[in-house]
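Enquirer: Pasted the sequence and its predicted model underneath.
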Amino acid sequence: MAKYDTIIVGAGFAGAVVARELAERGGEQVLVLDSRAHIGGNCYDVPDEYGILIHQYGPHIFHTNSEKAYRYLSRFTEWLDYRHEVVAKVGDEEIPVPFNLNTLEQVFGGEAEELAELLTAQFGEGARVPILKLRESEDERLKKIADYVYENIFLKYTMKQWGKTPEEIDPAVSGRVPVVISRDNRYFQDTWQGMPKNGYTALFKNMLDHPGIRVKLNTDARDVLGLTPGTERIAYEGEPFEGNVIFTGAIDEFFDCRFGRLPYRSLRFDFEHLDADRFQSHGVVNYTVSEEFTRITEFKYLTDEWDREGTTIVREYPFAYSGAAGEIPYYAINNSENDALYDRYRELAERAGLILVGRLAEYKYYNIDAIVDRALEVAARII
């Protein structure tokens, strides 16, 4: 049996970054396990049958103000200079989102200049004001803006995405849909943003290409990892394991949902190839007041593959994760009850000696840059 210093469950960003750091800087022998047939986690991308690079699990756009995360990933990829812009389909119109001063002008016409001055005076140029905060304003003019955004951009979209009313959603989630006091139509205003030049999968291949890393795919961690009888410490292939175990997957499922299943939202992706140069005006169009799906992504915008014939799009349909075969847990549903349930699994994992890193393992939302920074921090502490 090979001697490993560390076992990592999951070959997404959390697992891959820790693996590279421990192998390269720590001199460790690292085993990476993943239940899927590929590396890259939900960021996995692959050419479809028409040769167009698609994101199999929905679009992932890299953006960050963390120079550390940007410089680190730049070791493994060059970047396409992609600036993500999103519009919402409201009736016959497409309006920029997040709602900004350009959107204000498009929606409110002659009133827009006065309203823009009011917003700027109240919150400051460049501010990102959560919609629920704006609705609390005592100024009727600001409430008018807030009500429009709430009804036409936020309410129905949020209910589709989360299956709840906005008031039932954690404020950290509602804060992702702000009113932006700016004329910058980019969805993100971060310093560094773009797409990996050759795709995310190529980035992951480069990151995991190290003699100290072995990757084993199509492997459920529960088939090789378990708990030592009487101690509930981690065992590898039936023998006590003395090294570190980094776990990035669904922590409740690793323990067979001992305390009950953690609630998540999942997504269904319906891909379609069209015999046209392009299908829509932007890479992502949100359907905030109509349709059962939340958005349509057209991948050629993201990957700059305009020389390809035809175009491939995907529609996203959110639903409640049940744990059924083929379903994927995407978004933790954070509230006091669910977080308390997670804490029971976290305590159990810590007793077993697991180090938890990532969206599923920590039951929280992470952007790519944040999980890279988190993984670097964990690896540095281990080293």
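Expert: That came through, no problem.

Enquirer: Can you tell me which residue is spatially central in the chain?
Expert: Centroid check for the chain by C-alpha atoms, centre = their mean gives residue 367 as the closest residue, at 5.2 Å.

Enquirer: Tell me how far that one lies from residue 271.
Expert: In this structure, residue 367 and residue 271 are separated by 24 Å, where distance is defined by C-beta to C-beta, to the nearest Å. The way it works is simple: take the backbone N, C-alpha and C, and place the C-beta from them, glycine included.

Enquirer: Repeat that for residue 237.
Expert: Computed with C-beta to C-beta, the distance linking residue 237 and residue 271 is 38 Å.

Enquirer: quick check, residue 267 in a strand?
Expert: Yes. Remark: residue 267 belongs to a strand, assigned using DSSP: H, G, I helix; E, B strand; the rest coil.

Enquirer: my guess is it contacts residue 327, does it?
Expert: No. If you go by C-beta atoms under 8 Å, residue 267 and residue 327 don't touch, sitting 9.3 Å apart.

Enquirer: which neighbours do the two share?
Expert: Common contacts of residue 267 and residue 327, defined by C-beta atoms under 8 Å, 6 or more residues apart in numbering, are absent altogether.

Enquirer: Of these two, which one has the most company?
Expert: residue 267 (21 against 15; other C-beta atoms under 10 Å).

Enquirer: Tell me who's in contact with that one.
Expert: Going by C-beta under 8 Å, 6+ apart, residue 267 touches 57-58, 316-319, 328, 330.

Enquirer: What of residue 62?
Expert: The neighbours of residue 62, taking C-beta under 8 Å, 6+ apart as the test, are 73, 79, 192-196, 368-369.

Enquirer: From residue 74, how far out is it?
Expert: Using C-beta to C-beta, which is the criterion applied here, residue 62 is 10 Å from residue 74.

Enquirer: same thing with residue 272?
Expert: Counting by C-beta to C-beta, the gap between residue 272 and residue 74 amounts to 34 Å.

Enquirer: one step back: looking only at neighbour counts, state which of residue 237 and residue 271 leads.
Expert: For residue 237 versus residue 271, neighbours defined as other C-beta under 10 Å are more numerous around residue 271 (13 against 10).

Enquirer: Surely the residue nearest to the centre of the chain touches residue 63?
Expert: Yes. With contacts counted by C-beta under 8 Å, residue 367 reaches residue 63, the gap being 7.5 Å.

Enquirer: Are we agreed that residue 147 is in a helix?
Expert: Yes. The assignment for residue 147 (three-state DSSP) places it in a helix.

Enquirer: Relative to residue 52, how far out is it?
Expert: As defined by C-beta to C-beta, residue 147 lies at a distance of 40 Å from residue 52.

Enquirer: who's more crowded, the two?
Expert: Neighbour count, other C-beta under 10 Å: between residue 147 and residue 52, residue 52 has more, with 19 against 15.

Enquirer: Without its sequence neighbours, what residue ends up closest to the more buried one?
Expert: residue 312 (4.5 Å; C-beta to C-beta, 6 or more residues apart in numbering).

Enquirer: Please name every helix or strand in contact with the one helix or strand that neighbour maps to.
Expert: According to DSSP states H and E, residue 312 maps onto strand 311-320. Under the contact criterion of 3 or more C-beta pairs under 8 Å, 6 or more residues apart in numbering; DSSP states H and E, strand 311-320 touches strand 53-55, helix 155-162, strand 264-274, strand 295-298, helix 299-303.

Enquirer: now these in JSON lines, with distance to residue 229 and mean pLDDT?
Expert: Supplementary listing: the helices and strands packed on strand 311-320 in JSON lines, determined by distance: least, C-beta to C-beta, whole Å; pLDDT from 0 to 100:
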{"stretch": "strand 53-55", "distance to residue 229": "42", "mean pLDDT": "98"}
{"stretch": "helix 155-162", "distance to residue 229": "41", "mean pLDDT": "91"}
{"stretch": "strand 264-274", "distance to residue 229": "31", "mean pLDDT": "98"}
{"stretch": "strand 295-298", "distance to residue 229": "48", "mean pLDDT": "98"}
{"stretch": "helix 299-303", "distance to residue 229": "49", "mean pLDDT": "97"}
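
Enquirer: can you map out the helices along the stretch 51-200 of the chain?
Expert: Listed from the start of the chain, the stretch 51-200 of the chain has helices (DSSP state H, counting those that start in this stretch) covering 67-74, 101-108, 112-123, 131-134, 140-149, 155-162, 171-174, 200-208.

Enquirer: Indicate which one of those is closest to residue 6.
Expert: Between residue 6 and the helices of the stretch 51-200 of the chain, the shortest separation by C-beta to C-beta is 13.7 Å, and it involves helix 200-208.

Enquirer: distance between the closest one and the chain's centre?
Expert: Relative to the centre of its chain, helix 200-208 is centred 18 Å away, using C-alpha atoms, centre = their mean, to the nearest Å.

Enquirer: Quick check: next helix or strand after it?
Expert: On the C-terminal side of helix 200-208, the nearest following helix or strand under DSSP H and E is strand 213-216.

Enquirer: For that next one, buried residues please.
Expert: For strand 213-216, burial by neighbour count (16 or more other C-beta atoms under 10 Å) applies to 213-215.

Enquirer: Pick the one among those residues closest to residue 336.
Expert: Sorting the buried residues of strand 213-216 by distance to residue 336 puts residue 215 at the head of the list, at 38.2 Å, by C-beta to C-beta.

Enquirer: looking at the sheet around the closest one, what are its partners?
Expert: Beta-bridge pairing of residue 215, defined through DSSP bridges, involves residue 32.
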